[in-house]
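Chemist: return a 3D structure for these sequence lines:
(one chain, ligands or ions: 1)
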Amino acid sequence: MSLLKVKEVDKKFGSHYALSKISLDIQPGEVHALVGENGAGKSTLIKILTGVYPLDGGEIDWKGKRVTITDPNSARRLGINVVHQDRHLIPSFSGYENLYLGLDYPKNRVGFGVDWKSLKQRTEQLKESLGIDLDLKKTATEMSPPERTTLEILRAMMLDCQLLILDEPTASLTDQESEMLFQLIHKLTANGTAILYVSHRMDEIFRLSDRITVFRNGQLAGTLQKAGTDKEALIRLMTNAEVKKSTFQKRFVDDTVPSVLTVSHAATMDGKVKDVSLTVRQGEIVGLFGLAGSGRTELLEAIYGSRPLKRGEVNIENNRLRAFTPRDALNRRVVLIPEDRRGDALIMGMTIRENMTLPVLHQYSNGIKVTESKEKTEVKSWMDFMKVKATGSEQSVQELSGGNQQKVVFAKALLSKPVLFLCDEPTQAVDVMTRDEIHRLLREQTNQESAVLFVSSDLQEVLDIADRIYVQHDGVTLAELVNDGITPEEILNICYQQGKDSEVTHG
Ligand SMILES: Nc1ncnc2c1ncn2[C@@H]1O[C@H](COP(=O)(O)OP(=O)(O)OP(=O)(O)O)[C@@H](O)[C@H]1O
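Modeler: As a prediction, this is how the structure comes out:
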């Protein structure tokens, strides 16, 4: 018997069908992948299954019985839980405290107060049955990204979860960190838990799943056995179009080409960046790779002026920047595409147009008022160019799917005609087609004499698009490599030297 059957489900926002006549079934113990372009309706289905949205048509059966999932608690009571890419943990709470949040605490013998002993026992049993080795005394902040994901999964399993929905679970994990998660998924499915795995990462989908359901524009394009399909066929089904071969050209410039960015022996006040030196020249895409905790994001923030420097120098187009702020960075046409776009790059209550033109509003103003027609035309052309799926430029960004929000962040950056793009995981949560498009756009930017410094936890992505790569570990530059035939293993070996040799080596 199927664990879950979704039958002809509809969901409407206004007159727009986010889901139309969607049907799928999930079996106990299977990994069922859900894929589709940005805006295809994946998150909407997750929200229906977890009781966030009511459905507008269709039915849901759970273990053969019709159910109505009215709110998140009723989903949890059935045994349906979700782990989202933006983690829902309280940073200063210990693993135990986070684990027990929202649980029905067992009462102690006196009848009031919590029976901590039995709670701990239950935790230990669960950890043992899933082979999880995690120190729950550490706070969420002290845990590494995969440890935090593990903690969330453990929390879901405390509630006797039978369908675990993982929404882009590896989005900010490196390949090695993702391995830990994959092992855990195997243990869960071996114990009979079903996984609905939502991801844009094709390699993972093919590695983990038994079956794959494809959504296209809110409709079911098909459910396939993994064994009978391949990546190209899947993308064809997602887009209804032929797959275009990526034609990405590397560019190797010499040191006579003017530098756009030079960082010398930079260290931040908070010690996250300890000693970083690097150069990015006109026309280059430079990759920055390091394992979690290597200070990649922090370095980009220091260059952008949002994280104070204690030592060292940052030069943009040969101008030394002292005590600068993000406003100074913007004036020098340096843009940052931050990792946390919801928190840092977009104002959720504003429209797409307002978000995109906010930093450059003066361009559309004659000093007295904003020329709306010029503003709207330009916004529309960027939205078309980036293929933002929305009802129009006046739609609020909070109503867009995650990947479409990322496209708005990109368009916003491009509008300010940057000389230096600082990109922190810019393709996180975007579909494979948009990912190629973003790579192409970055290359195009460098043709206009700008430069790109690119951080991604996906090492293959760094190798695909960077002309040169810096490897960073624990806030220190370990190596500078020309990306001409280097292998992932070589880069990982450098990372695992763990700073034993902090000399900069030239490859
Ligand atoms: N609250 C809302 N109000 C209006 N429209 C919405 C709302 N939530 C989602 N939508 C629309 O429903 C459609 C499906 O969005 P959904 O977030 O489910 O896509 P997705 O497949 O998860 O995309 P992504 O891969 O980018 O996360 C999109 O067109 C989106 O704009």
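
Chemist: make it CA atoms for all contacts and neighbour counts henceforth
Modeler: OK.

Chemist: tell me which parts of the stretch 1-150 of the chain are close to the ligand?
Modeler: Within the stretch 1-150 of the chain, the positions near the ligand by C-alpha under 6 Å from any ligand atom are 13, 18, 36-44.

Chemist: recalculate using a threshold of 8 Å.
Modeler: Listed as neighbours of the ligand in the stretch 1-150 of the chain under the rule C-alpha under 8 Å from any ligand atom: 12-14, 16-19, 35-45.

Chemist: helices - which of those land there?
Modeler: 42-45 (DSSP state H).

Chemist: contacts only, for Y17.
Modeler: 10-11, 218 (C-alpha atoms under 8 Å, 6 or more residues apart in numbering).

Chemist: mind redoing it with 7 Å?
Modeler: Taking C-alpha atoms under 7 Å, 6 or more residues apart in numbering, we find Y17 in contact with 11, 218.

Chemist: pLDDT score for it?
Modeler: Y17 is assigned 93 on the pLDDT scale.

Chemist: for T229, same thing?
Modeler: Per-residue pLDDT puts T229 at 91.

Chemist: what phi and what psi does the backbone show at it?
Modeler: Main-chain dihedrals, T229, degrees, to the nearest 10: phi -140, psi 170.

Chemist: now it: how far from the ligand?
Modeler: 21 Å (C-alpha to the nearest ligand atom, to the nearest Å).

Chemist: out of the ones in helices among the residues of the stretch 1-150 of the chain next to the ligand, who's nearest R435?
Modeler: Closest approach to R435 among those (C-alpha to C-alpha): K42, at 17.8 Å.

Chemist: tell me how many other residues crowd that closest one.
Modeler: 24 (other C-alpha atoms under 10 Å).

Chemist: E284 contacts T446, doesn't it?
Modeler: Yes: counting by C-alpha atoms under 7 Å, E284 touches T446, with 6.1 Å between them.

Chemist: more crowded one of those two?
Modeler: E284 (27 against 20).

Chemist: now P72, nearest residue through space, not along the chain?
Modeler: Nearest residue to P72 in three dimensions, chain neighbours excluded: G51, at 4.6 Å (C-alpha to C-alpha, 6 or more residues apart in numbering).

Chemist: go ahead and confirm P326 touches R307.
Modeler: No: if you go by C-alpha under 7 Å, P326 and R307 don't touch, sitting 9.5 Å apart.

Chemist: residues in contact with the helix or strand hosting D464?
Modeler: Assigned by DSSP states H and E, D464 falls within helix 459-465. Outside helix 459-465, the residues within contact range by C-alpha under 7 Å, 6+ apart are 287, 439, 456, 483, 488.

Chemist: kindly report the same for stretch 195-205.
Modeler: Contacts for stretch 195-205 (C-alpha under 7 Å, 6+ apart): 30-35, 163-168, 231, 429-432.

Chemist: any weak-confidence spans in the stretch 101-250 of the chain?
Modeler: Scanning the stretch 101-250 of the chain for pLDDT under 70 picks out 104-114, 241-248.

Chemist: for the ligand, give me its nearest residue in it.
Modeler: G218 (6.6 Å; C-alpha to the nearest ligand atom).

Chemist: next, E232: secondary structure please.
Modeler: Secondary structure, DSSP: H, G, I helix; E, B strand; the rest coil: E232 is helix.

Chemist: before we move on, what about the one 3 residues further on?
Modeler: Taking three-state DSSP as the rule, one finds I235 in the helix state.

Chemist: burial of it, as a residue count?
Modeler: Per other C-alpha under 10 Å, the neighbour tally for I235 reads 21.

Chemist: residues near the closest residue to V35 other than its chain neighbours, how many?
Modeler: In space, and not counting its chain neighbours, V35 is closest to V214: 5.0 Å by C-alpha to C-alpha, 6+ apart. Using other C-alpha under 10 Å, V214 has 23 other residues around it.

Chemist: which element is V214 on?
Modeler: If you go by DSSP H and E, V214 is part of strand 211-216.

Chemist: filter the residues of the stretch 1-150 of the chain next to the ligand down to just the ones in strands.
Modeler: Mapping those onto strands (DSSP state E) picks out 12-13, 16-19, 35-36.

Chemist: could I get those residues as TSV with distance to T279?
Modeler: Output for those, formatted as TSV (distance: C-alpha to C-alpha, whole Å):
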residue	distance to T279
K12	50
F13	48
H16	48
Y17	48
A18	45
L19	47
V35	38
G36	38
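
Chemist: only the buried subset of these, as a PyMOL command please.
Modeler: Selection of buried members from those for PyMOL, criterion 16 or more other C-alpha atoms under 10 Å:
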select buried, resi 17+18+19+35+36
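
Chemist: so which residues make contact with the host helix or strand of I165?
Modeler: Taking DSSP H and E as the definition, one finds I165 inside strand 163-167. Contact with strand 163-167 is made by 79-85, 193-199, as judged by C-alpha under 7 Å, 6+ apart.

Chemist: 8 Å instead?
Modeler: The contact list for strand 163-167, computed with C-alpha under 8 Å, 6+ apart, reads 28, 46, 79-85, 156, 193-199.

Chemist: among those, which ones are in helices?
Modeler: Counting by DSSP H, these contribute 46, 156 to helices.
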